[in-house]
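# need a 3D model of the following:
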Amino acid sequence: MSTSSRVSSVFGNWRKASTSSVDIDIEAQILTLPAAPTHTPQQNDNITDPMDDFFGITRTRATRESRHDSYVVPSRTSVTLDREAPPPYADAAEPPAYSSTPAEPVTLAMYLFKFGFLFPPFWVLGAIILLSPLKAPADFEPTKSEAERHELVRIMRDAEIKWAKRSAWALLILLVVIAIIAGAIIGVLRS
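Numbers count the residues shown, from 1 in each chain. Below you'll find the predicted structure:
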């Protein structure tokens, strides 16, 4: 027979420690853990990224010594370029303009189209602009020549016509949707 007795509980059978066993001081035992893995920093202090050099970014030494942020130099950066690198933008106030596309002029027809989604009768007014001619007042751009004024009026008229056509299409679509809904309601009520 065993020197330990069994205790039954809801959680299962448990053994009681024998009374004849030697008392063991658990707190006096020394716990030894394996040594934590150490990481020696890589010697990447003399290697830099050409993109960082170009844009003037400097990396701190603490980041390179972290074992989580290993700094690997891509193989494609080791290729030497035959061309000279472009100058940095540090001296310029803003980046250079690569294309000079004139902005579309802001017109009344554009506002009528956009606000027509909130108040659809604005689309009616926007579509009416298609019927009215655009004439410049006598004091319109007095510093420009007659040809330049006609060019400005033509650009503005083209923009107005574009937005007026959009208003007309939006109004037509709205009326078609209303007609379909009204036809469906009338068809349901008569049947």
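# when you work out contacts or count neighbours from here on, use the C-alpha atoms and nothing else.
Will do.
# tell me how many other residues crowd K165.
19 (other CA atoms under 10 Å).
# how much space between the residue lying closest to it once chain neighbours are set aside and G116?
Leaving out its chain neighbours, the residue that sits closest to K165 by CA to CA, 6 or more residues apart in numbering is A127, at 6.6 Å. In this structure, A127 and G116 are separated by 11 Å, where distance is defined by CA to CA, to the nearest Å.
# joint contacts of those two?
Common contacts of A127 and G116 (CA atoms under 8 Å, 6 or more residues apart in numbering): S167.
# please say which of the two ends up with more neighbours.
Set side by side, A127 and G116 give different neighbour counts by other CA under 10 Å, the larger being at A127 (23 against 19).
# please identify the helix or strand for that one.
Applying DSSP states H and E as the criterion places A127 in helix 121-128.
# pLDDT (mean, whole number) over the next helix or strand after that helix?
Proceeding N to C from helix 121-128, the next assigned helix or strand is helix 146-190, under DSSP H and E. What helix 146-190 shows for mean pLDDT is 94.
# elements contacting helix 146-190?
In this structure, helix 146-190 packs against helix 108-115, helix 121-128, with contacts taken as 3 or more CA pairs under 8 Å, 6 or more residues apart in numbering; DSSP states H and E.
# tilt between it and helix 121-128?
Relative orientation of helix 146-190 versus helix 121-128 (axes from the mean of the first three to the mean of the last three CA atoms, to 10 degrees): 130 degrees.
# between helix 146-190 and helix 108-115, how big is the angle?
Taking the same axes, to 10 degrees, one finds helix 146-190 and helix 108-115 inclined to each other by 30 degrees.
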